[in-house]
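1. Pasted the sequence and its predicted model underneath.
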Amino acid sequence: MELADAAELVIFNCTAYERVVNLELVALLKFIQTGVAESDLTRRLDAMVRKQKAIEENKHVYYIWSLHDQDVMLEGEREGRRLGRKEGKESKAIETARKFLSMKLLTHEQIAEGVGLPLEKIEELALEINTEK
């Protein structure tokens, strides 16, 4: 019987092994029915099947880890962008605070409130500016 994907379906009457004379065929039919390998041929077939199953399992594990790694990398990229934006905002706030401090028009409290930095940071920046002069 030919299948749509060009594979072929083979049907074995495995229960007929009791009436078969060829011992290798008996062992093969028993193996197909019971999964018990009793001959050299069926032991080799069993080993090949087990090996292929192990390969398929390893592929499955590899794909899962590959997807996991991709998820971790994407999460890392998102976290990196988030931290970059945060650092950029803080850097801009510090730059703006330095400009305001240099202008000497606002109090430290007003600058802290305006740029969104803690008062301690503004005072630290003021000391740096005064030290630079």
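-> That came through, no problem.
2. Could you list every helix and strand in contact with the lengthiest helix in the chain?
-> Across the chain, the longest stretch assigned as helix under DSSP state H is helix 40-103. If you count contacts as 3 or more C-beta pairs under 8 Å, 6 or more residues apart in numbering; DSSP states H and E, helix 40-103 packs onto helix 23-34, helix 108-115, helix 119-132. For glycine as for every other residue, the C-beta is placed from the backbone atoms N, C-alpha and C.
3. how much space is there between Ile32 and Lys89?
-> Distance check for Ile32 against Lys89: by C-beta to C-beta, to the nearest Å, it reads 69 Å.
4. I misspoke; the intended subject was Asp71.
-> 27 Å.
5. same question, Gln70
-> Counting by C-beta to C-beta - Gln70 and Lys89 are separated by 29 Å.
6. Then Ile129?
-> In terms of C-beta to C-beta, Ile129 sits 21 Å off from Lys89.
7. quick check: angle from the lowest-mean-pLDDT helix or strand in the chain to helix 40-103?
-> Least confident element among the helices and strands of the chain, by mean pLDDT, DSSP states H and E: helix 23-34 (a mean of 86). Computed with axes from the mean of the first three to the mean of the last three C-alpha atoms, to 10 degrees, the direction of helix 23-34 lies at 40 degrees from that of helix 40-103.
8. Would you mind measuring from the most centrally placed residue in the chain to Glu79?
-> Central residue of the chain (C-alpha atoms, centre = their mean): His68, 1.5 Å from the mean position. Distance from His68 to Glu79, counting by C-beta to C-beta: 16 Å.
9. repeat for Glu128
-> 30 Å.
10. quick one on the thing from earlier: now do the longest helix of the chain: distance to the chain's middle.
-> 5 Å (C-alpha atoms, centre = their mean, to the nearest Å).
11. model confidence over it, on average?
-> For helix 40-103, mean pLDDT rounds to 95.
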